[in-house]
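Enquirer: Need a 3D model of the sequence below.
(chains A and B)
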Protein chains: 2
Amino acid sequence: MNRKKLIIIKIGGSVITQKNKNLKTIKAENLQRICKEIGEAYSKKKIPLIIIHGVGPFGHKLAKEFRLNEGYKDKRQLSALPELHKDVRELNLKIIKALQKNNLPAISFSPSAFWRLEDGRLKKQPTEIIKKYLALGTIPVLHGDLLIDNKKVFSVLSGDQICYYLAKELKSDRVIIGTDLDGVFDSDPKINPAAKLIKKISRENYQKFDIGGSTAIDVTSGMRGKLDELLKLADIGIGSEIINADIPSNIAKILSEKRIEKKTMILPSTTK
Amino acid sequence: MNRKKLIIIKIGGSVITQKNKNLKTIKAENLQRICKEIGEAYSKKKIPLIIIHGVGPFGHKLAKEFRLNEGYKDKRQLSALPELHKDVRELNLKIIKALQKNNLPAISFSPSAFWRLEDGRLKKQPTEIIKKYLALGTIPVLHGDLLIDNKKVFSVLSGDQICYYLAKELKSDRVIIGTDLDGVFDSDPKINPAAKLIKKISRENYQKFDIGGSTAIDVTSGMRGKLDELLKLADIGIGSEIINADIPSNIAKILSEKRIEKKTMILPSTTK
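Expert: Sure, this is the predicted structure:
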C-alpha cells in the first residue's frame, strides 16, 4: 500500500466544553492537555491527520432553544443562525490556537461554508480542498455545524457524521472518537455504577442487543448518534474506537498504537 | 424586475487595520463606526447585502515574508499557512462580532474552505451556499484569503477579486469599495497634495490615461488591483464606486443613495 495512512480523530464537545452549563465555557485544561498529547504523538510520526471537534453549548444552546435540529419551522428561527455560526467559530478558533501552540499545523474548515445536507445527511459533498490541504502536510480541523439542507432549509451536522463521511470519502485507516466515557456501556455509567463496558461491538452483536425493541446498550449521552455513524462505517469495512479523552494519556496512547484497557472497538463487518 | 437588489460592499484592510504596522492591530473605532453605519442603513432598508473585508497585516505580513503571493516556491512556505489562516479568521471573527453588535445578521464564509484558484483567478467556483444564506435574510461576509491554486499550489485571493467574482456571479446591482482615500487620483495624494481626484473612470478614458505605457492614474496603494477588477466588472456592465470609508457618514450616505461629493465612479462599458 503506497498511500500514507490517515487518522481521523474526534474530540467530543463534552470533553472540551462545560456541557452541563448553558454558559459557553471551555474546559481549558482538558483542551490544552489533549492538544499537547496530539502534538507529541504527531511530532514523532507525521501521519496524515484530520481533527473533528464537537461544539457543546457553543452550538447546542441555540440549536435547542430554536429547535434548529428539526429544520425550518418558522421565521423566528432564522434570527439564531448568525449568532450560532459566530459562537461555533469562536470555539473553533480557540481550538485552532491551542493546536497550533502545540506545533500542530491546524487549519479550520467550517462545514457550513462548503457542505449542504440532503435531509440531514451528507451526500456527494466536496472534499477536494481538504485533500489538498492534507497533501500539503497540514491538519484540517472540522466541527459540528448548522448547514443548509436541501429538504429542511437547514439542519444540524454532527461531528460524528463528519467522521463517518470523511472516513468513507478519504478511506481513513483509523477513526478515534474521544468522549467523556470509557466507551459504550450496557446502562448509563453516570447513573448506574454497575454499568458494564462493552469492549467490542459489531453490526451483528449490536442487533442481538437490540432484539425486541429494547436494547442492552445504553444510548443516552449522545451515544446512539455516535454508534449509528460508526456502525455505518463498520458496514463499509472501517473500524473505529471510542475512548475516554478525559483520562490523561489516553489520546497519546491510542495515537501511538499503545494499549488502552478500557475502550470500545467497533469492528468492521467486512474485511477491507 | 422581480429580483431584489443586491449590494456588495468591500471594506479595505487599510480602513480597519493598522496597515503600516507589522503588528496585527485593528482600528477599533473605525470598525465600530463603519459597522454602525452599515447597521443603521440596513435597518431602514433590508436590501440583500454581502460584505467583503480586506485583511491588512493579518494576512499580508506572513504573505510577504514567505512570498505566498508568488505561489509555491519551497517547502518552508508551507509552515506559514496555518498561522496565516488562523490570523485571518481571528480578524474575521472580530468583524463578525462588530457587525452582529450592530444588528447585522452576518455569517462568515472563509473562501479558502470552498474556493480554489486557477492560476490566481476564480473560475466556476461554488456560490450556491452563499445564495441560500442571502435568501434566508442573512449577510454573508467574505475576506481576502490564501487559497489552493490548481496551477501554483496556493495563491492569494484579494478582497477585490471576490468583489468582482460575486458581483458577476450574483449579478449585483451596486458594488461599493471603501478605502482610505477619496477614490482614484492622478498621482499619490499621500505624497502630492496637488493630486487630483478622478471622478469618473471608464474602460475608455482609462485606456486614454494609459497611452504610451505610462499612466496618469496613480496605481500605488493597491489601487491598481482594485481598478483591474472594477474595470473587468465595468466590461460586463456592472458599475462600482470607490469611496473614503475613513470619513464618517460616507458609508451611511452611499448605502442610502445619498450624495457623496468626493468619490470615483467606475462606469459600466455597456448597458445591462
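Enquirer: residues contacting the nearest residue to residue A:16 once chain neighbours are set aside?
Expert: Distance criterion CB to CB, 6 or more residues apart in numbering or on different chains; nearest residue to residue A:16, sequence neighbours excluded, is residue A:31 at 4.8 Å. In short, each C-beta sits where N, CA and C put it, glycine included. The contact partners of residue A:31, taken as CB atoms under 8 Å, 6 or more residues apart in numbering or on different chains, are A:16, A:94, A:95, A:98.
Enquirer: tell me, how many neighbours does the second one end up with?
Expert: I take that to be residue A:94. Residue A:94 is flanked by 16 other residues according to other CB atoms under 10 Å in any protein chain shown.
Enquirer: of the contacts of residue A:31, the lowest pLDDT goes to which?
Expert: Scanning the contacts of residue A:31 for pLDDT, the low point is residue A:16. It has 95.
Enquirer: ok, it touching residue A:32?
Expert: No - using CB atoms under 8 Å, residue A:16 makes no contact with residue A:32, being 9.9 Å away.
Enquirer: More neighbours: which of those two?
Expert: Looking at residue A:16 and residue A:32 with other CB under 10 Å, you find the greater number of neighbours at residue A:16, namely 28 against 15.
Enquirer: And the helix or strand the residue nearest to residue A:16 falls within, what's buried?
Expert: Assessed by DSSP states H and E, residue A:31 sits inside helix A:28-44. By neighbour count on 16 or more other CB atoms under 10 Å in any protein chain shown, the buried set for helix A:28-44 is A:30, A:31, A:33, A:34, A:35, A:36, A:37, A:38, A:39, A:41, A:42.
Enquirer: now those as JSON lines including distance to residue A:110?
Expert: JSON lines is the format used below for the buried residues of helix A:28-44 (distance: CB to CB, whole Å):
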{"residue": "A:30", "distance to residue A:110": "22"}
{"residue": "A:31", "distance to residue A:110": "18"}
{"residue": "A:33", "distance to residue A:110": "25"}
{"residue": "A:34", "distance to residue A:110": "20"}
{"residue": "A:35", "distance to residue A:110": "19"}
{"residue": "A:36", "distance to residue A:110": "24"}
{"residue": "A:37", "distance to residue A:110": "24"}
{"residue": "A:38", "distance to residue A:110": "20"}
{"residue": "A:39", "distance to residue A:110": "22"}
{"residue": "A:41", "distance to residue A:110": "25"}
{"residue": "A:42", "distance to residue A:110": "22"}
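Enquirer: hmm, back to that, the inter-axis angle of the helix or strand following the helix holding residue A:31 versus helix A:28-44?
Expert: Sequence-wise, the next helix or strand downstream of helix A:28-44 (DSSP H and E) is strand A:49-53. Here strand A:49-53 runs at an angle of 170 degrees relative to helix A:28-44 (axes from the mean of the first three to the mean of the last three CA atoms, to 10 degrees).
Enquirer: Which strands or helices does strand A:49-53 pack on?
Expert: strand A:7-11, helix A:28-44, helix A:81-101, strand A:139-143, helix A:159-169 (3 or more CB pairs under 8 Å, 6 or more residues apart in numbering or on different chains; DSSP states H and E).
Enquirer: can you state the direction angle for the fourth one and helix A:159-169?
Expert: Just to be clear, that refers to strand A:139-143. Using the same axes, to 10 degrees: strand A:139-143 against helix A:159-169 is 140 degrees.
Enquirer: Over to the second one?
Expert: Relative orientation of helix A:28-44 with respect to helix A:159-169: 10 degrees, computed using the same axes, to 10 degrees.
Enquirer: Quick one: mean pLDDT over helix A:28-44.
Expert: 97.
Enquirer: tell me how far stretch A:4-14 is from the chain's mean position?
Expert: Counting by CA atoms, centre = their mean, to the nearest Å, stretch A:4-14 is centred 7 Å from the centre of its parent chain.
Enquirer: Kindly report the same for stretch A:236-248.
Expert: Distance of stretch A:236-248 from the chain centroid (CA atoms, centre = their mean) equals 10 Å.
Enquirer: how long is that stretch end to end?
Expert: In stretch A:236-248, first residue to last residue: 32 Å (CA to CA, to the nearest Å).
Enquirer: Then stretch A:255-262?
Expert: Chord length of stretch A:255-262, first to last residue, is 15 Å (CA to CA).
Enquirer: how about the residues of the stretch 1-150 of chain A near chain B?
Expert: A:78-79, A:81-83, A:85-86, A:89-90, A:93, A:96-97, A:100, A:105-110, A:112-114, A:116, A:126, A:128-129, A:132-133, A:136-139, A:148 (CB under 8 Å from any CB of the partner chain).
Enquirer: Narrow the residues you listed to just the buried residues.
Expert: Buried among the residues of the stretch 1-150 of chain A next to chain B by 16+ other CB under 10 Å: A:78, A:81-82, A:85-86, A:89-90, A:93, A:96, A:100, A:105-110, A:112-114, A:116, A:129, A:132-133, A:136, A:138-139, A:148.
Enquirer: Dump the contacts of residue A:31 into CSV; add distance to residue A:229 as well.
Expert: Formatted as CSV, these follow (distance: CB to CB, whole Å):
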residue, distance to residue A:229
A:16, 19
A:94, 25
A:95, 21
A:98, 25
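Enquirer: what's the closest of these to residue A:254?
Expert: Distance to residue A:254, by CB to CB, is smallest for residue A:16 among the contacts of residue A:31, at 16.8 Å.
Enquirer: Give me the contact list for stretch A:74-88.
Expert: Contacts of stretch A:74-88 (CB under 8 Å, 6+ apart): A:24, A:55, A:58-59, A:61-63, A:65-68, A:110, A:112, A:143-146, A:154, B:93, B:96-97, B:100, B:105-108, B:136-139.
Enquirer: can we see that at 7 Å?
Expert: By CB atoms under 7 Å, 6 or more residues apart in numbering or on different chains, the residues outside stretch A:74-88 that reach it are A:24, A:55, A:58-59, A:62-63, A:66, A:68, A:112, A:143, A:145-146, B:96-97, B:100, B:105-108, B:136-138.
Enquirer: any weak-confidence spans in the stretch 1-150 of chain A?
Expert: Along the stretch 1-150 of chain A, the model assigns pLDDT under 70 to residues A:1-3, A:20-22.
Enquirer: Correct me if wrong: residue A:240 contacts residue A:173.
Expert: No - under the criterion of CB atoms under 7 Å, residue A:240 makes no contact with residue A:173, lying 10.7 Å away.
Enquirer: Comparing the two, which residue is more hemmed in?
Expert: Neighbours were counted for residue A:240 and for residue A:173 using other CB under 10 Å; residue A:240 has more, 27 against 18.
Enquirer: Grab the nearest non-local neighbour of the more buried one.
Expert: Distances taken as CB to CB, 6+ apart place residue A:175 nearest to residue A:240, at 3.8 Å, with adjacent residues excluded.
Enquirer: Show me what secondary structure element comes after the one helix or strand the one you found maps to.
Expert: Assigned by DSSP H and E, residue A:175 belongs to strand A:174-179. On the C-terminal side of strand A:174-179, the nearest following helix or strand under DSSP H and E is strand A:184-185.
Enquirer: Spatially nearest residue to residue A:116, not counting backbone neighbours?
Expert: Using CB to CB, 6+ apart, the closest residue to residue A:116 is residue A:148 (4.8 Å).
Enquirer: My error: substitute residue A:137 in the last question.
Expert: With CB to CB, 6+ apart, the residue lying closest to residue A:137 is residue B:78, at 6.0 Å.
Enquirer: and what of residue A:125?
Expert: Residue A:125's closest residue in space is residue A:115 (CB to CB, 6+ apart), at 4.3 Å.
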